[in-house]
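Student: Show me how the following folds:
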Amino acid sequence: MNPDSRYSSNCSIHVSLTSPCLQVLYDGKYWDAPPSGNGFIINIGTLIEDIADRSILAVRHRVKQMDFIRHSIPYFHNPSFDADISKSISGRQTKAGSENYSIFGEWMRQYLPRVEPGILQDKIAD
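Tutor: The predicted structure follows:
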């Protein structure tokens, strides 16, 4: 189980209808998230938390290893390549902004290979 709460944008995770496969970190301990029935859970990354001035929170989570076949369809939704991520909605400088990134695409070109080795290995033309 690999915990996930990267400084990233957001993704939606469909949770098992009957078994608690997803765990969330709360008060230093991982807890089973209850099955979502006919719904789904939307998890945001810390980049969106930072841009939204912590009005919505990113949750560290992990997927449990189960003894049965399960299917999940993660969906990652990111800001546009040219979105300004240097400031939050209140105008406060974000972590990305403090690292001298102004637009999402610049930041993603550096971030993605760190968390997904092998992606974007070819040099991207400027």
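
Student: State the phi and psi torsions of the nearest residue to Ala83 once chain neighbours are set aside.
Tutor: Distance criterion CB to CB, 6 or more residues apart in numbering; nearest residue to Ala83, sequence neighbours excluded, is Phe104 at 4.4 Å. Every residue, glycine included, has its C-beta placed from N, CA and C. Here is the backbone geometry of Phe104 (degrees, to the nearest 10): phi -60, psi -40.

Student: got a list of what Phe104 touches?
Tutor: Each residue near Phe104 by CB atoms under 8 Å, 6 or more residues apart in numbering is listed here: 9, 78-85.

Student: Around Lys29, how many other residues sit close by?
Tutor: 8 (other CB atoms under 10 Å).

Student: measure it to Leu57 for me?
Tutor: Counting by CB to CB, to the nearest Å, the separation of Lys29 from Leu57 is 17 Å.

Student: got it, and Asn100?
Tutor: On the measure of CB to CB, Asn100 and Leu57 end up 26 Å apart.

Student: My guess is Ser72 contacts Met66. True?
Tutor: No - contact criterion CB atoms under 8 Å: Ser72 and Met66 do not qualify, at 10.7 Å.
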